[in-house]
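K.L.:
Okay, structure incoming, though there's no sequence with it:
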């Protein structure tokens, strides 16, 4: 069934383009309430397409506070009960288009220049989710794919909404799937696709320092008044050495190093330390010198302060010793580090860093485990061969330094193998004016998904 | 001539009170432009009184930006060219009365309850400057004092205005004076007057940390991105140990310890370390354990952070690594520490605390030398005996932990002996609703100034 589908994909590129442009024209900005109806229109549009392709589709408004846009859950189990199941994730919501004056063509009017379509959402994520939707349509129209199919498409990705994670947890039993394709990223370089083998987790804390009962004047009381800002500085200084090494007890105990295939790939990535310094505009990188910059960004845990509140924030001099102060401190975590255990140790350590007259305490604001997808499950080779067939190149293994919370939910609730990748290109200007997406990448992306369905036919279940 | 003046002071208490109330009724709030005319009215009122007493009076609008309220400069040189000269400082401006709803009687309607007059400015400083004005009137009306007199009264004390300092520097040659009385404070306890023997100086700096060219995401770049907030924390931590000891090189080199008379007085002040902890609401005091809390507040230099700017200051989690951050850091200085020299060392030290990829630099926002008035010039004994005569108690030597910039200007420009004291009482609620002032303290204050004039008759010139 692959060849007829591939042939149809090639024959119907105009149609694939027209469909993508239809979806792009719906300004489904999830952050802005005035676009709530547009978000629903975008969801309805996708529902119609998937139903038209022959799938069972639900449009689900997950109840609860903060839930604003519906989840699309679709399935086609025509490959049979014993067949492998592939789920495809995507999101139909987009970032706000501001600043409007910087767009060379209207953000919701897809405009083609030099083989790229320029529009908000062209890459992120409409252009990528449409690779999956078109592949499903074409496969189902040409005899059906050799695997069962599922779609999980949300409308709150750009606002960190809770609908999809809650839906997935609630309905995990009936959403069983062996592989889950998340195409919401970019190639490492033109012609060089990638597969994510891991994403760091996050532990975000707020450390509060409480001193005197009220703000004090440093002239009158300086020398006896405990200063929560000084104590916070001492504590922060004690959390991470100048060598980039985090000194929270046991912090590195559970860290699993990347495997040899990953390290080999990272060594040949076409980005030097000099490139990185230049792109950040720094004279030197910080961090653990014994690890390469890629290892430090992707496979090593870190600790950073994001803001320190309290005291005087205005212009000029003011001599207050604040009664209390706070620091926002987060840790990026790597596979096998347990956010709860690390928080407990962190909180104990922080407490011990209190100084006479200033009590420190830590509060957890959020946490997410790191995700490790592995380099060796059968989906990896299936995806690698699909990329090779569609783009002429096997993907490199990379990781993501930040967390994508939904990946954790998928992995924990669905116990599925993740295939995290992307069809965009570096420079697609996600979240910025003049976002763009290569039509060639799009058409090849549809074929990649068709190949993936085929290649997963005989892959063992998760 | 002392006895007739003292007798007149006792006979004319009603008049002294009426005059004070007249001045209080003028709402001379220097901070609020709508009260500019009231400030001038208050100044005019004082000019009339001093002229009426027989003094030569100038009302001087010092030109320049930020100058808003005139300086009153008055002199009476009738004691002769060889006589000692006593100048009296004061200010006719007051703090805004807000919050109005907390006043039990209108802030500019002097109201007597339990021997106290309640009103804005009753203590600070109208009630105190009037001790000097009434004493001058009474002395000049009863044969004249044995010393030459001078008044330097400003209207910008509550707004830190530049008029008086500039006037004093400009006219220093013709403002020659041996002693200068600054009565703008409070007794240490009821029945226990004090004389200030020193005030700490201030060096206020802003330390900037510059990292990458733009804010960075800690997920993507955490582990390689230099974090200016972490670097600032390291630097702050390196500036002062947990023992309260400042580690800027040479910081303590020039520090002059308090003399034995001061230390002896501080040991018998009726405030314990427990009282201090309780009043600050802390479980422990910070600072150098080998020095008493009074020494730490008055005679030891300190370093405090007042605010740290940069990154994310809002609610909840945000994972920015800011491109730059700033810390407001001040040092309280003690006699013989040179603010310029200390700033230079501080700036070098800060520069050396830079970390790979983050450059630290320090900028001076303001500075003022510490003031030391000494315990042994002849004015001290004259004032002590005047207090004893008027209040039945000799003053204790105390210091002020904060700076009063005008004292530095007086001392440097006029090379005069300072007598820094006050006629208020603890609990007079300066700058707060229901400010009050003891009428008994007021009447005795007038007599104290009369005694002081007498006692300074034979004091050697400065």
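P.N.:
Nice, thanks for sending it over. The shown structure was predicted, so the numbers you read here are calculated from the model rather than taken from an experiment.
K.L.:
Can you tell me how far the nearest residue to residue A:449 once chain neighbours are set aside is from chain B?
P.N.:
Of all residues not flanking residue A:449 in the chain, residue A:135 sits nearest, at 3.5 Å (Cβ to Cβ, 6 or more residues apart in numbering or on different chains). Glycine gets a C-beta too; all of them are placed from N, C-alpha and C. Residue A:135 sits 29 Å away from chain B, going by Cβ to the nearest Cβ, to the nearest Å.
K.L.:
Now do the buried residues in the helix or strand that contains residue A:135.
P.N.:
In this structure, residue A:135 sits in helix A:126-141 according to DSSP states H and E. Buried residues in helix A:126-141, counted by 16 or more other Cβ atoms under 10 Å in any protein chain shown: A:126-140.
K.L.:
hmm, back to that, report the contact partners of the residue nearest to residue A:449.
P.N.:
A:5, A:9, A:446, A:447, A:449, A:450, A:453 (Cβ atoms under 8 Å, 6 or more residues apart in numbering or on different chains).
K.L.:
who touches the third one in this structure?
P.N.:
The neighbourhood of residue A:446, defined by Cβ under 8 Å, 6+ apart, consists of A:9, A:16, A:130, A:131, A:134, A:135, A:138.
K.L.:
Next one: it from residue A:44, what distance?
P.N.:
22 Å (Cβ to Cβ, to the nearest Å).
K.L.:
For chain B, state which of the contacts of residue A:446 is nearest.
P.N.:
residue A:131 (24.2 Å; Cβ to the nearest Cβ).
K.L.:
which non-adjacent residue is nearest the closest one?
P.N.:
residue A:445 (3.5 Å).
K.L.:
Can you tell me the SS state at that neighbour?
P.N.:
Secondary structure, DSSP: H, G, I helix; E, B strand; the rest coil: residue A:445 is helix.
K.L.:
Next, count neighbours for it.
P.N.:
29 (other Cβ atoms under 10 Å in any protein chain shown).
K.L.:
quick one: pLDDT of it?
P.N.:
For residue A:445, the pLDDT comes out at 98.
K.L.:
I'd like the distance between it and residue A:146.
P.N.:
Taking Cβ to Cβ, one finds residue A:445 at 19 Å from residue A:146.
K.L.:
for residue A:224, same thing?
P.N.:
Distance from residue A:224 to residue A:146, counting by Cβ to Cβ: 77 Å.
K.L.:
ok, for residue A:366, nearest residue in space, not its chain neighbours?
P.N.:
residue A:204 (4.7 Å).
K.L.:
Map the structural domains onto the sequence of chain A.
P.N.:
With automatic domain parsing as the criterion, the domains of chain A are listed as A:2-199+A:370-455, A:201-255+A:301-368.
K.L.:
how about the ones you listed in JSON lines, adding distance to residue B:98?
P.N.:
Output for the domains of chain A, formatted as JSON lines (distance: least, Cβ to Cβ, whole Å):
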{"stretch": "domain A:2-199+A:370-455", "distance to residue B:98": "39"}
{"stretch": "domain A:201-255+A:301-368", "distance to residue B:98": "18"}
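K.L.:
closest one to residue B:28 among these?
P.N.:
Closest to residue B:28 of the domains of chain A is domain A:201-255+A:301-368 (Cβ to Cβ; 24.3 Å).
K.L.:
Give me the distance between the two termini of the closest one.
P.N.:
5 Å (Cα to Cα, to the nearest Å).
K.L.:
Give me the mean pLDDT for that domain.
P.N.:
The average pLDDT within domain A:201-255+A:301-368 is 95.
K.L.:
what separates it from the chain centre, distance-wise?
P.N.:
Chain-centre distance of domain A:201-255+A:301-368: 27 Å, with Cα atoms, centre = their mean, to the nearest Å.
K.L.:
Check the gap between the residue in the stretch 301-450 of chain A that chain B sits nearest to and residue B:22 for me.
P.N.:
Closest to chain B within the stretch 301-450 of chain A is residue A:402: 2.2 Å, counting by Cβ to the nearest Cβ. Distance of residue A:402 to residue B:22, computed by Cβ to Cβ: 70 Å.
K.L.:
more neighbours, those two?
P.N.:
Taking other Cβ under 10 Å, residue A:402 and residue B:22 do not tie; residue A:402 has more neighbours (18 against 15).
K.L.:
So that one sits against residue B:221, correct?
P.N.:
No - at 9.4 Å, residue A:402 does not count as touching residue B:221 under the criterion of Cβ atoms under 8 Å.
K.L.:
re the thing from before, would you list the contacts of residue A:135 in CSV and tack on distance to residue A:255 and secondary structure?
P.N.:
Shown next, in CSV, are the contacts of residue A:135 (distance: Cβ to Cβ, whole Å; DSSP: H, G, I helix; E, B strand; the rest coil):
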residue, distance to residue A:255, secondary structure
A:5, 43, helix
A:9, 43, helix
A:446, 39, helix
A:447, 39, helix
A:449, 34, helix
A:450, 39, helix
A:453, 36, helix
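K.L.:
Can you name the two of those that sit furthest apart?
P.N.:
Greatest spatial distance among the contacts of residue A:135 (Cβ to Cβ): A:9 and A:453, at 12.0 Å.
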